[in-house]
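A.B. asks: Here's a sequence, model it:
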Amino acid sequence: MKQTTMIIGWCLALTASIGISLFWNLGSWSDPLNQSILFEVRLPRVLEALLAGIGLSIAGQMFQTVLNNPLADSLTLGLASGSVLGGGCAVFLGLSSLWIPMASMTASFITLGIVLGVTAVISQGYPMRALILSGIMIGALFNALLYLLILLDERRMKSIVMYMFGGFSNAEMYEVYFIVPVMLLCVLLLGVLLPKIKLLQVGTLKARSLSLNVQQMMFMVLTLASIMTAIIVSYTGIIGFIGMIVPQLIRRTVKATLGVQMLMNGIVGGAVMVFADTLGAQLWHPIEIPASIILALLGIPVLGYLIATQKRSYE
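C.D. replies: Got it, this is the predicted structure:
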(Lines give C-alpha, C1' and ligand atoms only; values in the text may rest on other atoms or scores of the structure.)
Protein backbone atom coordinates (compact mmCIF):
# COMPACT_ATOMS: atom_id res chain seq x y z
CA MET A 1 0.00 0.00 0.00
CA LYS A 2 2.81 2.39 0.91
CA GLN A 3 4.62 1.64 -2.34
CA THR A 4 1.50 2.28 -4.40
CA THR A 5 0.87 5.57 -2.59
CA MET A 6 4.43 6.71 -3.22
CA ILE A 7 4.26 5.78 -6.89
CA ILE A 8 0.98 7.64 -7.36
CA GLY A 9 2.31 10.65 -5.46
CA TRP A 10 5.46 10.90 -7.53
CA CYS A 11 3.48 10.38 -10.75
CA LEU A 12 1.34 13.36 -9.77
CA ALA A 13 4.48 15.36 -8.98
CA LEU A 14 5.92 14.43 -12.37
CA THR A 15 2.70 15.43 -14.14
CA ALA A 16 2.61 18.74 -12.28
CA SER A 17 6.26 19.47 -13.14
CA ILE A 18 5.65 18.75 -16.82
CA GLY A 19 2.51 20.88 -16.87
CA ILE A 20 4.22 23.85 -15.23
CA SER A 21 7.23 23.59 -17.50
CA LEU A 22 5.09 23.48 -20.64
CA PHE A 23 2.42 26.09 -19.88
CA TRP A 24 3.95 28.55 -17.39
CA ASN A 25 3.33 32.12 -18.70
CA LEU A 26 2.59 30.73 -22.14
CA GLY A 27 -0.32 32.99 -23.03
CA SER A 28 -3.13 32.36 -25.47
CA TRP A 29 -3.11 29.13 -27.46
CA SER A 30 -4.62 30.94 -30.45
CA ASP A 31 -1.39 32.90 -30.93
CA PRO A 32 0.83 31.15 -33.53
CA LEU A 33 3.92 32.41 -31.70
CA ASN A 34 2.83 30.73 -28.47
CA GLN A 35 2.13 27.51 -30.34
CA SER A 36 5.59 27.65 -31.83
CA ILE A 37 7.12 28.23 -28.38
CA LEU A 38 5.18 25.28 -26.97
CA PHE A 39 5.92 22.69 -29.65
CA GLU A 40 9.33 23.78 -30.91
CA VAL A 41 10.99 25.06 -27.73
CA ARG A 42 9.32 23.84 -24.56
CA LEU A 43 8.19 20.36 -25.61
CA PRO A 44 11.64 19.14 -26.77
CA ARG A 45 13.17 20.66 -23.63
CA VAL A 46 10.73 18.93 -21.28
CA LEU A 47 11.01 15.58 -23.06
CA GLU A 48 14.81 15.70 -23.02
CA ALA A 49 14.85 16.65 -19.32
CA LEU A 50 12.42 13.83 -18.57
CA LEU A 51 14.48 11.27 -20.47
CA ALA A 52 17.69 12.49 -18.84
CA GLY A 53 16.21 12.18 -15.37
CA ILE A 54 14.90 8.69 -16.04
CA GLY A 55 18.05 7.45 -17.74
CA LEU A 56 20.61 8.88 -15.31
CA SER A 57 18.67 7.70 -12.25
CA ILE A 58 18.26 4.14 -13.54
CA ALA A 59 21.90 4.08 -14.67
CA GLY A 60 22.95 5.30 -11.22
CA GLN A 61 20.89 2.57 -9.60
CA MET A 62 22.57 -0.07 -11.76
CA PHE A 63 26.05 1.30 -11.03
CA GLN A 64 25.38 1.28 -7.29
CA THR A 65 23.77 -2.16 -7.33
CA VAL A 66 26.49 -3.87 -9.35
CA LEU A 67 29.38 -2.18 -7.55
CA ASN A 68 27.69 -2.25 -4.13
CA ASN A 69 28.79 1.35 -3.60
CA PRO A 70 26.39 4.27 -2.93
CA LEU A 71 28.88 6.70 -4.51
CA ALA A 72 28.94 4.90 -7.87
CA ASP A 73 27.79 7.23 -10.62
CA SER A 74 28.77 8.35 -14.11
CA LEU A 75 30.85 11.09 -12.48
CA THR A 76 32.76 8.85 -10.08
CA LEU A 77 33.37 6.30 -12.84
CA GLY A 78 34.83 9.00 -15.09
CA LEU A 79 32.25 8.44 -17.85
CA ALA A 80 30.94 12.01 -17.85
CA SER A 81 34.45 13.48 -17.96
CA GLY A 82 35.40 11.17 -20.81
CA SER A 83 32.27 12.11 -22.71
CA VAL A 84 32.93 15.84 -22.42
CA LEU A 85 36.58 15.36 -23.38
CA GLY A 86 35.44 13.53 -26.51
CA GLY A 87 33.15 16.41 -27.43
CA GLY A 88 35.93 18.87 -26.67
CA CYS A 89 38.33 17.04 -28.97
CA ALA A 90 35.74 17.18 -31.77
CA VAL A 91 35.37 20.94 -31.29
CA PHE A 92 39.13 21.44 -31.06
CA LEU A 93 39.63 19.58 -34.35
CA GLY A 94 36.98 21.74 -36.01
CA LEU A 95 34.54 18.90 -36.72
CA SER A 96 30.90 19.57 -37.52
CA SER A 97 28.48 19.93 -34.61
CA LEU A 98 26.79 16.73 -35.78
CA TRP A 99 29.95 14.80 -34.85
CA ILE A 100 30.15 16.12 -31.28
CA PRO A 101 27.54 13.71 -29.80
CA MET A 102 29.13 10.76 -31.61
CA ALA A 103 32.57 11.73 -30.33
CA SER A 104 31.17 12.10 -26.81
CA MET A 105 29.54 8.67 -26.85
CA THR A 106 32.63 7.00 -28.29
CA ALA A 107 34.84 8.65 -25.67
CA SER A 108 32.50 7.50 -22.91
CA PHE A 109 32.80 3.86 -23.98
CA ILE A 110 36.57 4.20 -24.33
CA THR A 111 36.64 5.64 -20.81
CA LEU A 112 34.76 2.64 -19.45
CA GLY A 113 37.24 0.32 -21.15
CA ILE A 114 40.20 2.27 -19.74
CA VAL A 115 38.73 2.24 -16.23
CA LEU A 116 38.08 -1.50 -16.38
CA GLY A 117 41.56 -2.08 -17.78
CA VAL A 118 43.29 0.02 -15.13
CA THR A 119 41.26 -1.76 -12.44
CA ALA A 120 42.31 -5.15 -13.79
CA VAL A 121 45.98 -4.14 -13.79
CA ILE A 122 46.11 -2.67 -10.31
CA SER A 123 43.94 -5.28 -8.62
CA GLN A 124 44.13 -8.44 -10.76
CA GLY A 125 40.36 -8.52 -11.16
CA TYR A 126 37.37 -6.21 -10.75
CA PRO A 127 37.16 -5.32 -7.07
CA MET A 128 34.47 -2.74 -6.46
CA ARG A 129 36.54 -0.20 -4.56
CA ALA A 130 39.34 -0.28 -7.12
CA LEU A 131 36.84 0.40 -9.91
CA ILE A 132 35.55 3.57 -8.23
CA LEU A 133 39.08 4.78 -7.46
CA SER A 134 40.15 4.11 -11.05
CA GLY A 135 37.14 6.04 -12.34
CA ILE A 136 37.91 9.06 -10.17
CA MET A 137 41.57 8.96 -11.25
CA ILE A 138 40.79 8.69 -14.98
CA GLY A 139 38.07 11.35 -14.68
CA ALA A 140 40.53 13.78 -13.07
CA LEU A 141 43.04 13.09 -15.84
CA PHE A 142 40.47 13.73 -18.56
CA ASN A 143 39.34 16.95 -16.88
CA ALA A 144 42.96 18.15 -16.87
CA LEU A 145 43.29 17.33 -20.58
CA LEU A 146 40.06 19.18 -21.32
CA TYR A 147 41.26 22.29 -19.48
CA LEU A 148 44.50 22.10 -21.49
CA LEU A 149 42.51 22.11 -24.74
CA ILE A 150 40.54 25.12 -23.53
CA LEU A 151 43.77 27.00 -22.78
CA LEU A 152 45.19 26.17 -26.21
CA ASP A 153 42.20 27.59 -28.10
CA GLU A 154 39.82 29.55 -25.87
CA ARG A 155 37.76 30.99 -28.73
CA ARG A 156 37.00 27.66 -30.38
CA MET A 157 36.48 25.85 -27.06
CA LYS A 158 34.02 28.42 -25.68
CA SER A 159 31.07 26.24 -26.66
CA ILE A 160 32.46 23.21 -24.84
CA VAL A 161 32.76 25.26 -21.63
CA MET A 162 28.97 25.71 -21.66
CA TYR A 163 28.72 21.98 -22.45
CA MET A 164 30.37 21.31 -19.08
CA PHE A 165 27.31 22.85 -17.37
CA GLY A 166 24.63 20.36 -18.30
CA GLY A 167 21.25 21.76 -19.30
CA PHE A 168 18.41 21.60 -21.81
CA SER A 169 18.16 25.15 -23.20
CA ASN A 170 19.31 23.98 -26.65
CA ALA A 171 17.19 20.83 -26.80
CA GLU A 172 15.92 19.76 -30.22
CA MET A 173 13.27 17.21 -31.09
CA TYR A 174 15.65 15.17 -33.25
CA GLU A 175 17.76 14.56 -30.12
CA VAL A 176 14.69 13.12 -28.38
CA TYR A 177 14.08 10.83 -31.36
CA PHE A 178 17.64 9.56 -31.04
CA ILE A 179 17.63 9.15 -27.24
CA VAL A 180 14.29 7.33 -26.92
CA PRO A 181 15.03 4.07 -28.82
CA VAL A 182 18.48 3.69 -27.24
CA MET A 183 17.09 4.20 -23.74
CA LEU A 184 14.14 1.89 -24.32
CA LEU A 185 16.43 -0.89 -25.53
CA CYS A 186 18.77 -0.49 -22.56
CA VAL A 187 15.94 -0.42 -20.01
CA LEU A 188 14.30 -3.50 -21.58
CA LEU A 189 17.58 -5.42 -21.51
CA LEU A 190 18.18 -4.42 -17.90
CA GLY A 191 14.66 -5.60 -17.09
CA VAL A 192 15.42 -8.98 -18.65
CA LEU A 193 18.65 -9.19 -16.62
CA LEU A 194 17.01 -8.22 -13.32
CA PRO A 195 16.87 -11.80 -11.89
CA LYS A 196 20.62 -12.17 -12.43
CA ILE A 197 21.34 -8.65 -11.19
CA LYS A 198 19.56 -9.54 -7.95
CA LEU A 199 22.06 -12.34 -7.42
CA LEU A 200 24.87 -9.78 -7.40
CA GLN A 201 23.31 -8.23 -4.28
CA VAL A 202 23.96 -11.37 -2.21
CA GLY A 203 27.71 -11.08 -2.72
CA THR A 204 30.29 -12.24 -5.23
CA LEU A 205 31.01 -15.61 -3.62
CA LYS A 206 27.36 -16.58 -3.22
CA ALA A 207 26.56 -15.44 -6.75
CA ARG A 208 29.37 -17.61 -8.12
CA SER A 209 28.13 -20.55 -6.08
CA LEU A 210 24.79 -20.11 -7.89
CA SER A 211 26.58 -20.51 -11.26
CA LEU A 212 26.54 -16.81 -12.14
CA ASN A 213 29.43 -15.45 -14.16
CA VAL A 214 29.92 -12.37 -11.98
CA GLN A 215 32.47 -10.54 -14.14
CA GLN A 216 30.44 -11.08 -17.31
CA MET A 217 27.22 -9.90 -15.64
CA MET A 218 28.96 -6.85 -14.15
CA PHE A 219 30.37 -5.95 -17.56
CA MET A 220 26.97 -6.30 -19.26
CA VAL A 221 25.17 -4.13 -16.71
CA LEU A 222 27.95 -1.53 -16.66
CA THR A 223 27.88 -1.40 -20.46
CA LEU A 224 24.10 -0.88 -20.66
CA ALA A 225 24.17 1.76 -17.92
CA SER A 226 27.10 3.45 -19.66
CA ILE A 227 25.23 3.51 -22.98
CA MET A 228 22.29 5.31 -21.33
CA THR A 229 24.65 7.74 -19.64
CA ALA A 230 26.61 8.37 -22.84
CA ILE A 231 23.59 9.05 -25.05
CA ILE A 232 22.23 11.55 -22.51
CA VAL A 233 25.47 13.34 -21.63
CA SER A 234 26.43 13.62 -25.30
CA TYR A 235 23.45 15.94 -25.87
CA THR A 236 22.94 17.59 -22.49
CA GLY A 237 26.45 17.90 -21.03
CA ILE A 238 27.50 16.86 -17.55
CA ILE A 239 24.62 16.49 -15.09
CA GLY A 240 25.71 15.23 -11.70
CA PHE A 241 24.15 14.23 -8.39
CA ILE A 242 20.83 12.91 -9.70
CA GLY A 243 22.31 9.50 -10.58
CA MET A 244 23.92 9.32 -7.16
CA ILE A 245 21.25 10.71 -4.84
CA VAL A 246 17.92 9.48 -6.27
CA PRO A 247 18.86 5.76 -6.13
CA GLN A 248 20.03 6.17 -2.52
CA LEU A 249 16.78 7.88 -1.51
CA ILE A 250 14.71 5.18 -3.21
CA ARG A 251 16.71 2.36 -1.64
CA ARG A 252 16.34 3.84 1.85
CA THR A 253 12.66 4.78 1.61
CA VAL A 254 11.21 2.03 -0.59
CA LYS A 255 11.64 -1.51 0.73
CA ALA A 256 10.73 -3.29 -2.47
CA THR A 257 12.08 -5.53 -5.19
CA LEU A 258 14.78 -4.32 -7.54
CA GLY A 259 12.23 -3.97 -10.34
CA VAL A 260 9.94 -1.71 -8.29
CA GLN A 261 12.93 0.36 -7.23
CA MET A 262 13.90 0.66 -10.89
CA LEU A 263 10.41 1.97 -11.68
CA MET A 264 10.57 4.43 -8.79
CA ASN A 265 14.00 5.64 -9.88
CA GLY A 266 12.62 6.45 -13.31
CA ILE A 267 9.58 8.31 -11.98
CA VAL A 268 11.42 10.25 -9.25
CA GLY A 269 14.42 10.99 -11.46
CA GLY A 270 12.20 12.31 -14.24
CA ALA A 271 10.18 14.48 -11.84
CA VAL A 272 13.28 15.91 -10.15
CA MET A 273 15.02 16.69 -13.44
CA VAL A 274 12.01 18.42 -14.99
CA PHE A 275 11.49 20.41 -11.78
CA ALA A 276 15.17 21.43 -11.66
CA ASP A 277 15.09 22.57 -15.29
CA THR A 278 11.86 24.52 -14.77
CA LEU A 279 13.21 26.15 -11.62
CA GLY A 280 16.44 27.11 -13.38
CA ALA A 281 14.53 28.61 -16.30
CA GLN A 282 12.11 30.68 -14.18
CA LEU A 283 14.03 31.52 -10.99
CA TRP A 284 16.13 34.34 -12.45
CA HIS A 285 14.31 35.01 -15.71
CA PRO A 286 15.47 35.97 -18.36
CA ILE A 287 18.81 34.51 -17.19
CA GLU A 288 18.69 30.72 -17.23
CA ILE A 289 20.47 28.62 -14.63
CA PRO A 290 21.49 25.19 -16.03
CA ALA A 291 19.72 22.22 -14.48
CA SER A 292 23.06 20.78 -13.35
CA ILE A 293 23.66 23.80 -11.10
CA ILE A 294 20.16 23.59 -9.61
CA LEU A 295 20.68 19.89 -8.94
CA ALA A 296 24.01 20.60 -7.27
CA LEU A 297 22.44 23.26 -5.03
CA LEU A 298 19.62 20.91 -4.09
CA GLY A 299 21.67 17.73 -4.06
CA ILE A 300 24.58 18.72 -1.82
CA PRO A 301 22.40 19.24 1.31
CA VAL A 302 20.54 16.00 0.57
CA LEU A 303 23.80 14.12 0.14
CA GLY A 304 25.05 15.59 3.41
CA TYR A 305 21.88 14.42 5.14
CA LEU A 306 22.26 10.91 3.69
CA ILE A 307 25.86 10.71 4.86
CA ALA A 308 24.99 11.98 8.34
CA THR A 309 22.08 9.60 8.84
CA GLN A 310 24.02 6.68 7.39
CA LYS A 311 26.77 7.33 9.91
CA ARG A 312 24.32 7.21 12.79
CA SER A 313 23.00 3.85 11.61
CA TYR A 314 26.45 2.34 12.14
CA GLU A 315 26.81 3.65 15.68
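A.B. asks: is it true that residue 20 touches residue 279?
C.D. replies: No - using C-beta atoms under 8 Å, residue 20 makes no contact with residue 279, being 9.6 Å away. (Glycine included, C-beta is placed from N, CA and C.)
A.B. asks: tell me the centre residue of the chain?
C.D. replies: Compute the mean C-alpha point of the chain, and by C-alpha atoms, centre = their mean the closest residue is residue 56, 2.6 Å away.
A.B. asks: Which strands or helices does the helix or strand hosting residue 222 pack on?
C.D. replies: For residue 222, the enclosing helix or strand under DSSP states H and E is helix 214-236. Taking 3 or more C-beta pairs under 8 Å, 6 or more residues apart in numbering; DSSP states H and E as the contact definition, the neighbouring helices and strands of helix 214-236 are helix 43-67, helix 79-92, helix 99-123, helix 173-200, helix 204-209.
A.B. asks: Could you export these as a markdown table, including mean pLDDT and distance to residue 37?
C.D. replies: Converted to a markdown table, these look like this (pLDDT from 0 to 100; distance: least, C-beta to C-beta, whole Å):
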| stretch | mean pLDDT | distance to residue 37 |
| --- | --- | --- |
| helix 43-67 | 92 | 9 |
| helix 79-92 | 84 | 28 |
| helix 99-123 | 81 | 25 |
| helix 173-200 | 90 | 14 |
| helix 204-209 | 70 | 52 |
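A.B. asks: now for the ones you listed, which one comes closest to residue 158?
C.D. replies: Relative to residue 158, the nearest member of the helices and strands packed on helix 214-236 by C-beta to C-beta is helix 79-92, separated by 9.1 Å.
A.B. asks: what packs against that closest one?
C.D. replies: The criterion is 3+ C-beta pairs under 8 Å, 6+ apart, and the helices and strands that helix 79-92 contacts are helix 99-123, helix 128-152, helix 158-163, helix 214-236.
A.B. asks: Distance-wise, check residue 130 relative to residue 237.
C.D. replies: Using C-beta to C-beta, to the nearest Å, one obtains 28 Å as the distance from residue 130 to residue 237.
A.B. asks: Report the buried residues of the helix holding residue 222.
C.D. replies: 214, 217-218, 220-222, 224-236 (16 or more other C-beta atoms under 10 Å).
A.B. asks: Backbone dihedrals for residue 284, please?
C.D. replies: Dihedral pair for residue 284: phi -130, psi 40, per degrees, to the nearest 10.
A.B. asks: wait, I meant residue 213
C.D. replies: Torsion angles at residue 213 (phi, psi; degrees, to the nearest 10) stand at phi -80, psi 100.
A.B. asks: related to what we said a few turns ago, more neighbours, residue 130 and residue 237?
C.D. replies: Remark: of residue 130 and residue 237, residue 237 carries more neighbours, 24 against 18, as counted by other C-beta atoms under 10 Å.
A.B. asks: residues touching that one, list them.
C.D. replies: Residue 237 makes contact with 84, 162, 163, 164, 165, 166, 167, 290, 292 under the criterion C-beta atoms under 8 Å, 6 or more residues apart in numbering.
A.B. asks: Could you measure from the first one over to residue 191?
C.D. replies: Which is residue 84. For residue 84 relative to residue 191 (C-beta to C-beta), the value is 29 Å.
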